[in-house]
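Chemist: I would like to see how this sequence folds:
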Amino acid sequence: MTILFIIIGIVVLIAIYAIGVQRNLVGLSERRGNALSSIGVQQQSRWDALTQLAKTVKGYAKHESEALTKIIGMRSNAKPQTAKEVEANDQQFSRAIGDINVVVEQYPDLKASPLYQELMGSINGYENQVRMARMVYNDTTTKYNQVVKSIPSSIFAPMFGFKAEDYIETPTEKTDMPDLDI
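Modeler: As a prediction, this is how the structure comes out:
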């Protein structure tokens, strides 16, 4: 009879531990989702500022209208659902800002415009916010992955449908040392 109580006690302790692991994983998963959503919000704000900038540049550069209209159309309305989608959105944004910079170089008056400078400042601000949101996401993903991969919680994580998640990676062109020869 005592053996039966000991076995029941062990099963109850394992069940309580499993419930604790599941609750912890749900909380960490929700924080990851929140961090990913924050990146999406910042990326959308950055695209909004870029769209305004493209419209401003379009007013100065009437014959560049087609290229700028294409940039305005590149703005993605979808919020990223995965780390790979965040990276794809960032690459698309980098191409768009590069295209605008090519046009702006041809118009010194535009570069001196207070509106242009204000919009570039806001884009840079959103860029920093996206960078910070990416850091929060990766930090949250680290905490989540540690629980998913650590024993004994790694035994229960797959049972509840949790698996290790990807990090947002920095493109190699952003980590390479810039060419400082002018």
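Chemist: do you know how far Glu165 is from Tyr107?
Modeler: According to C-beta to C-beta, to the nearest Å, Glu165 and Tyr107 sit 44 Å apart. For every residue, glycine as well, the C-beta is placed using N, CA and C.
Chemist: got the end-to-end distance for stretch 69-79?
Modeler: In stretch 69-79, first residue to last residue: 22 Å (C-alpha to C-alpha, to the nearest Å).
Chemist: which one's more surrounded, Glu165 and Tyr107?
Modeler: Per other C-beta atoms under 10 Å, whichever of Glu165 and Tyr107 has more neighbours is Glu165, with 18 against 15.
Chemist: what's the pLDDT at the more buried one?
Modeler: Looking at Glu165, its pLDDT stands at 93.
Chemist: quick check: which ranges of this structure have low pLDDT?
Modeler: Within the chain, the ranges that satisfy pLDDT under 70 run 62-67, 75-78, 171-182.
Chemist: ok, 50 please
Modeler: Residue ranges of the chain with pLDDT under 50: 175, 177-178, 180-182.
Chemist: can you check which helix is longest in it?
Modeler: helix 2-60 (DSSP state H).
Chemist: excluding chain neighbours, what is closest to the spatially most central residue of the chain?
Modeler: For the chain, the residue nearest the mean C-alpha position is Ile39 (4.0 Å; C-alpha atoms, centre = their mean). Of all residues not flanking Ile39 in the chain, Ala133 sits nearest, at 4.4 Å (C-beta to C-beta, 6 or more residues apart in numbering).
Chemist: check Thr56 too.
Modeler: Nearest to Thr56 is Leu115, by C-beta to C-beta, 6+ apart, at 5.6 Å.
Chemist: number of residues surrounding that neighbour?
Modeler: Leu115: 12 neighbours (other C-beta under 10 Å).
Chemist: check which helix or strand it maps to.
Modeler: Taking DSSP states H and E as the criterion, Leu115 maps to helix 114-149.
Chemist: list the buried ones in that helix?
Modeler: For helix 114-149, a neighbour-count test (16 or more other C-beta atoms under 10 Å) marks 116, 119-120, 122-123, 126-127, 129-130, 133-134, 136-138, 140-141, 144-145, 147-148 as buried.
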